[in-house]
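Q: The following comprises the amino acid sequence and a computationally predicted model.
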Amino acid sequence: MKRSGPLLTLLAGLLLGLFMLSLNATTGEKPTSAAVQPSPSTKASPGTDASPGAAPKPTTASPSPSPSRTPVSEGVYTGRTDDDSAAVAITVRDDKAIAYVCDGRNVESWLQGDVKDDGSLKLTGKGGASLDAKMKGTRQLSGKANVGSGGYPFTIDRTNESSGLYRANSTVAGAKIEGGWIVLPDGEQVGILKRDGKPSPAPEIDPETGAVTVDGQQLTARPVTP
């Protein structure tokens with residue numbers, strides 16, 4: 001009995017050690033690793049503002065193109081109205097213009113004004129008369145004249161002569177003489193001569209010299225320029 005005592009003590013110690021190892025194995029906690037997920041990217045897409053609530057960037061509008069200008073060539077333009085009831089002459093020089101509208105009997109008007117920046121003409125005369133025109137191609141003016149109660153659309157050509165528009169003012173036998181003449185490309189003349197304000201068809205002038213005879217007296221009709 002004395003010899004089994006130490007052996008039992010040894011076995012008890014071994015059992016105790018095994019029990020302790022088993023206890024540690026069953027109660028111990030495995031280390032945990034927290035998987036850190038990357039936060040969503042806050043990088044703003046191109047062309048947008050990343051700040052919440054930011055106002056959109058204003059867009060700059062492209063400037064509208066300036067209206068193109070067709071310059072009016074200097075010179076004298078003459079021709080008949082579209083309905084062939086009257087004649088029109090316009091003289092252009094240094095961004096100024098003078099026009100004469102005449103039917104050769106009793107309707108006439110002198111008008112004047114500026115050549116606008118867009119190349120148009122806007123002329124005015126007595127009694128509310130008006131004339132608007134623009135270049136058509138390189139040698140024509142197209143538009144409309146309003147004289148009295150009549151409207152006169154026209155398209156007239158630039159003349160190759162030195163002038164196609166003439167005017168005379170004088171006194172003959174105590175009467176005040178006022179005359180206007182349009183010389184058309186074919187040589188035809190359309191004009192009105194007023195004696196103390198009373199209109200009548202004008203006698204023909206010499207386009208080379210402007211000479212004209214009125215009631216037996218020779219006068220000189222001069223080219224009209226602005």
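A: On my side now, so go ahead.
Q: Next up, phi/psi of the closest residue to Ala173 other than its chain neighbours, please.
A: Spatial nearest neighbour of Ala173, excluding adjacent residues (CB to CB, 6 or more residues apart in numbering): Asp215 at 5.8 Å. The C-beta positions use only the backbone N, C-alpha and C, and glycine is treated the same way. Here is the backbone geometry of Asp215 (degrees, to the nearest 10): phi 50, psi 40.
Q: Tell me the pLDDT of Asp215.
A: Note on Asp215: pLDDT of 92.
Q: How about Ser22?
A: 57.
Q: Could you check how far the residue nearest to Ala173 is from Arg158?
A: 35 Å (CB to CB, to the nearest Å).
Q: who's more crowded, these two?
A: Arg158 (21 against 12; other CB atoms under 10 Å).
Q: Just give me the neighbour total for the residue lying closest to Pro201 once chain neighbours are set aside.
A: Once flanking residues are discounted, Pro201 sits nearest to Gly104: 5.6 Å by CB to CB, 6+ apart. Neighbourhood size, Gly104 [other CB under 10 Å]: 20.
Q: if I pick Gly104, what's in contact with it?
A: Residues in contact with Gly104 (CB atoms under 8 Å, 6 or more residues apart in numbering) are 86-87, 190-192, 201-202.
Q: Derive a PyMOL selection command for the buried subset of those.
A: Selection of buried members from the contacts of Gly104 for PyMOL, criterion 16 or more other CB atoms under 10 Å:
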select buried, resi 86+87+190+191+192+202
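Q: ok, of the contacts of Gly104, which one's closest to Gly79?
A: Distance to Gly79 across those (CB to CB) is lowest for Ala87, with 7.1 Å.
Q: Tell me which residues touch the closest one, please.
A: The neighbourhood of Ala87, defined by CB under 8 Å, 6+ apart, consists of 78-81, 101-104, 182, 184, 190.
Q: How confident was the prediction at it?
A: The model's pLDDT for Ala87 equals 98.
Q: Tell me what it is bridged to.
A: Residues in a beta bridge with Ala87, per DSSP bridges, are Arg80, Cys102.
Q: Roughly how far does it sit from Lys134?
A: For Ala87 relative to Lys134 (CB to CB), the value is 19 Å.
Q: any idea how far the residue nearest to Ala173 is from Val101?
A: For Asp215 relative to Val101 (CB to CB), the value is 26 Å.
Q: start to end distance for stretch 81-99?
A: 13 Å (CA to CA, to the nearest Å).
Q: Return the set of buried residues in it.
A: So stretch 81-99, judged by 16+ other CB under 10 Å, has buried residues 81, 86-92, 96-99.
Q: Please apply the same query to stretch 141-159.
A: Judged by neighbour count (16+ other CB under 10 Å), stretch 141-159 contains these buried residues: 141-143, 145-147, 152, 154-159.
Q: can you tell me which two in these are farthest apart?
A: Going by CB to CB, the pair spanning those furthest: Asn146 and Thr159, at 23.8 Å.
Q: quick one, phi psi at Gly128?
A: phi 80, psi 10.
Q: Can you check what pLDDT the model gives it?
A: Gly128 is given a pLDDT of 96.
Q: how about the nearest residue to it, chain neighbours excluded?
A: Asn146 is the one closest to Gly128 (CB to CB, 6+ apart), at 7.7 Å.
Q: which residues touch the one you found?
A: Asn146 sits next to 128-131, 152 when contact means CB under 8 Å, 6+ apart.
Q: can you check Gln140 too?
A: Applying CB under 8 Å, 6+ apart, the residues contacting Gln140 are 77, 155-158.
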